[in-house]
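S.K.: What follows is a predicted protein model with its sequence.
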Amino acid sequence: MLKVSQELCIGCGICEDSCPFGAITVEDGLAIVGDSCTLCGACVEACEVEALSLDVQAKQAQDDLASWSGVMVFCEYRRGELAPVSLELLGIGRELADKRGAQLSALLLGHETNDTAQLLIGHGADIVYLADHEELREFRDDCYCDVTAALILKYKPEIVLAGATAIGRSFIPGVATVLNAGLTADCTKLEIREEDGALLQTRPAFGGNIMATIVSESTRPQMATVRPKVMKELGFDAARKGNIVEVIPTAEQLQSRLQVLESVVAEAGSVNIQEADILVSGGRGLENAKGFELIRELADTLGAKVSASRAVVDAGWIPYPHQVGQTGKTVAPKLYIACGISGAVQHVAGMQSAETIVAINRDEHASIFNVADFGIVGDLFEILPKLIRKIGERR
């Protein structure tokens with residue numbers, strides 16, 4: 001925790017100015033620390049009278065690290081479908097497990113999962129722990145948390161991966177809390193450190209301005225969530241062999257404080273830009289919401305879907321499910337056309353994995369051109385109608 005010495009603090013306000021999160025205020029000549037403090041230490045370094053200090057607890061290492069082995073992937077299954085991120089995680093999980101010379105297991109919770117377990121084996125899993133129970137048909141945080149934590153404690157994988165989806169983000173932190181384990185959210189890169197086999201977990205930090213690599217050296221399991229469309233899935237191999245272990249949850253694990261009365265799929269939920277092969281994306285350069293009429297027309301001509309930058313979503317020009325970027329969705333289409341998007345690092349973090357990027361912007365110095373394969377400098381209101389007409393002629 002961050003401590004403030006009442007005897008040493010002179011209320012100069014340097015700490016307030018140096019805090020990147022606005023977590024410190026000076027009231028009645030004394031620095032007050034708010035709830036948004038992240039313990040980054042910037043104020044401690046800035047304080048000239050040494051009135052601020054970080055009270056860091058001594059690191060406590062587990063004494064059974066060697067007994068944890070293997071990689072476990074939580075595979076999300078809901079409404080009769082397997083989330084695509086599950087296969088992407090099996091791809092990176094297979095790579096990590098091979099480097100550690102260990103097994104890759106998949107954890108599948110749900111009801112009436114049919115042949116999904118065999119599908120997971122075909123995509124790289126050695127073992128599938130299958131908890132197929134009627135009480136797991138609907139997602140409930142506490143049940144999923146209890147069942148998952150119990151299986152991790154029983155089989156002791158040293159690495160646990162899950163998708164950074166609405167479901168993964170909802171219950172995986174609870175699992176980490178039960179296990180007293182570290183959890184790195186929204187990872188974009190996972191590697192094994194050669195010297196000791198630790199998991200290097202890389203994620204964007206400070207709004208995507210830097211990439212931070214996090215290591216959980218002294219606790220197990222090492223847990224991470226990964227955003228969809230960041231990792232590559234392995235091709236399906238029908239000849240792969242693996243074991244399916246049926247898991248029967250206990251009555252206590254299925255006891256929930258939640259009751260699902262009804263599950264409704266919102267109309268916006270049908271907008272799945274992450275599965276699109278072609279995306280036409282609009283930014284602030286469209287000037288107003290009416291500018292998206294051109295974007296939609298180009299998308300219809302190409303058989304594409306419409307996406308957007310955060311700026312226009314915040315402006316209310318288009319709903320959030322269309323947003324690409326660090327605070328939106330990560331996409332990897334075959335073709336990404338950025339129209340009137342400046343190229344902020346937060347947006348680029350969500351689309352830089354596209355196979356081909358085309359940027360249209362009137363500012364020749366726009367940073368979007370740094371990641372684009374093809375760039376067009378000019379007024380998009382002149383360029384897009386010509387592009388639509390040419391594509392229509394070719395078709």
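M.R.: On my side now, so go ahead.
S.K.: mind listing what residue 289 touches?
M.R.: With contact taken as CB atoms under 8 Å, 6 or more residues apart in numbering, residue 289 is in contact with 312, 315-318. Using the backbone N, CA and C atoms, a C-beta is placed for each residue, glycine as well.
S.K.: swap in residue 352?
M.R.: Counted by CB under 8 Å, 6+ apart, residue 352 has contacts residue 371.
S.K.: hang on, the earlier thing: who wins for neighbours among the contacts of residue 289?
M.R.: residue 312 (25 neighbours; other CB atoms under 10 Å).
S.K.: Same question for that residue, what's its three-state structure.
M.R.: helix (DSSP: H, G, I helix; E, B strand; the rest coil).
S.K.: Tell me if I'm right that it and residue 287 touch.
M.R.: No - using CB atoms under 8 Å, residue 312 is not in contact with residue 287; the gap is 10.0 Å.
S.K.: where along the stretch 151-300 of the chain do the strands fall?
M.R.: Secondary structure of the stretch 151-300 of the chain (DSSP state E, counting those that start in this stretch): strands located at 159-163, 183-187, 189-192, 199-205, 210-214, 222-226, 243-246, 278-282.
S.K.: Can you list the strands that the fourth one pairs with?
M.R.: With DSSP bridges as the test, strand 199-205 is paired with strand 189-192 (antiparallel), strand 210-214 (antiparallel).
S.K.: can you pull the buried residues of the first one?
M.R.: Neighbour-count burial for strand 189-192, with 16 or more other CB atoms under 10 Å as criterion, is recorded at 190, 192.
S.K.: Identify all contacting residues around it.
M.R.: With CB under 8 Å, 6+ apart as the criterion, strand 189-192 contacts 92, 96, 99-100, 161, 198-202, 211, 224, 226, 231.
S.K.: I'd like the distance between residue 248 and residue 297.
M.R.: 55 Å (CB to CB, to the nearest Å).
S.K.: of these two, who's got more company?
M.R.: Neighbour tally, residue 248 and residue 297, criterion other CB under 10 Å: the higher count belongs to residue 297, 16 against 8.
S.K.: any weak-confidence spans in this protein?
M.R.: 56-61, 206-209, 265-270 (pLDDT under 70).
S.K.: Show me where it has its helices.
M.R.: For the chain, the helices defined by DSSP state H occupy 14-18, 42-46, 84-100, 116-122, 141-155, 166-179, 251-254, 292-302, 310-314, 345-351, 380-394.
S.K.: send the alpha carbons of the third one over as PDB?
M.R.: What follows is helix 84-100, C-alpha atoms only, in PDB (Å, rounded to 0.1, in the frame of the first residue of the first chain):
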ATOM      1  CA  PRO A  84     -13.500 -19.700 -31.600                       C
ATOM      2  CA  VAL A  85     -11.000 -18.300 -29.100                       C
ATOM      3  CA  SER A  86     -10.900 -21.800 -27.500                       C
ATOM      4  CA  LEU A  87      -9.200 -23.300 -30.600                       C
ATOM      5  CA  GLU A  88      -6.800 -20.300 -30.700                       C
ATOM      6  CA  LEU A  89      -5.800 -21.000 -27.100                       C
ATOM      7  CA  LEU A  90      -5.200 -24.600 -27.900                       C
ATOM      8  CA  GLY A  91      -2.800 -23.500 -30.600                       C
ATOM      9  CA  ILE A  92      -0.600 -21.400 -28.300                       C
ATOM     10  CA  GLY A  93      -1.200 -24.000 -25.500                       C
ATOM     11  CA  ARG A  94       0.200 -26.700 -27.700                       C
ATOM     12  CA  GLU A  95       3.300 -24.600 -28.400                       C
ATOM     13  CA  LEU A  96       3.900 -23.900 -24.700                       C
ATOM     14  CA  ALA A  97       3.300 -27.500 -23.600                       C
ATOM     15  CA  ASP A  98       5.700 -28.800 -26.200                       C
ATOM     16  CA  LYS A  99       8.400 -26.400 -25.000                       C
ATOM     17  CA  ARG A 100       7.800 -27.600 -21.400                       C
END
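S.K.: Show me what that helix is packed against.
M.R.: Judged by 3 or more CB pairs under 8 Å, 6 or more residues apart in numbering; DSSP states H and E, the packing partners of helix 84-100 are strand 71-75, strand 104-110, helix 116-122, strand 159-163, strand 189-192, strand 222-226.
S.K.: 7 Å - rerun?
M.R.: Counting contacts by 3 or more CB pairs under 7 Å, 6 or more residues apart in numbering; DSSP states H and E, helix 84-100 is packed against strand 71-75, strand 104-110, strand 159-163, strand 189-192.
S.K.: And the contacts of residue 289, which is closest to residue 25?
M.R.: residue 315 (30.3 Å; CB to CB).
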